[in-house]
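Participant: I'll drop the sequence and a predicted model, then ask my questions.
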Amino acid sequence: MEDGKLKCLLCDGELIWDSDANLEDVSSEALEGDGGVVGYYTCSKCGRSYEISDPIKEERETIYKDYWEQ
């Protein structure tokens with residue numbers, strides 16, 4: 001990701017942003033107030049779809065604590 005663009009894992013094509021959604025609206029694991037976001041992307045070359053999301057609040061406070069406390 002040298003140029004700051006997301007790349008497809010299959011063909012290395014550029015991922016194009018489609019939309020975003022609130023994590024608590026699309027995940028059964030997210031609790032009200034988690035505040036995360038899910039981004040939806042499509043590869044411009046092969047058409048593969050990707051969902052990229054923030055971890056749920058519990059994971060941010062435990063597994064990824066060092067990163068989210070920065």
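Facilitator: Right, received. Where do you want to start?

Participant: to the chain's geometric centre, what's the distance from the helix-or-strand element of the chain with minimal mean pLDDT?
Facilitator: Here the helix or strand of the chain ranked lowest by mean pLDDT, DSSP states H and E is helix 23-26, holding a mean of 78. Distance of helix 23-26 from the chain centroid (C-alpha atoms, centre = their mean, to the nearest Å) equals 12 Å.

Participant: who's the most centrally placed residue in the chain bridged to?
Facilitator: Centroid-nearest residue in the chain: Ile52, 1.9 Å away (criterion: C-alpha atoms, centre = their mean). Residues in a beta bridge with Ile52, per DSSP bridges, are Gly39.

Participant: Next, the contact list for it, please.
Facilitator: Leu6, Val38, Gly39, Tyr41 (C-beta atoms under 8 Å, 6 or more residues apart in numbering). Glycine gets a C-beta too; all of them are placed from N, C-alpha and C.

Participant: And these, which is the shakiest by pLDDT?
Facilitator: In terms of pLDDT, the lowest of the contacts of Ile52 is Val38, showing 89.

Participant: Sounds good, over and out.
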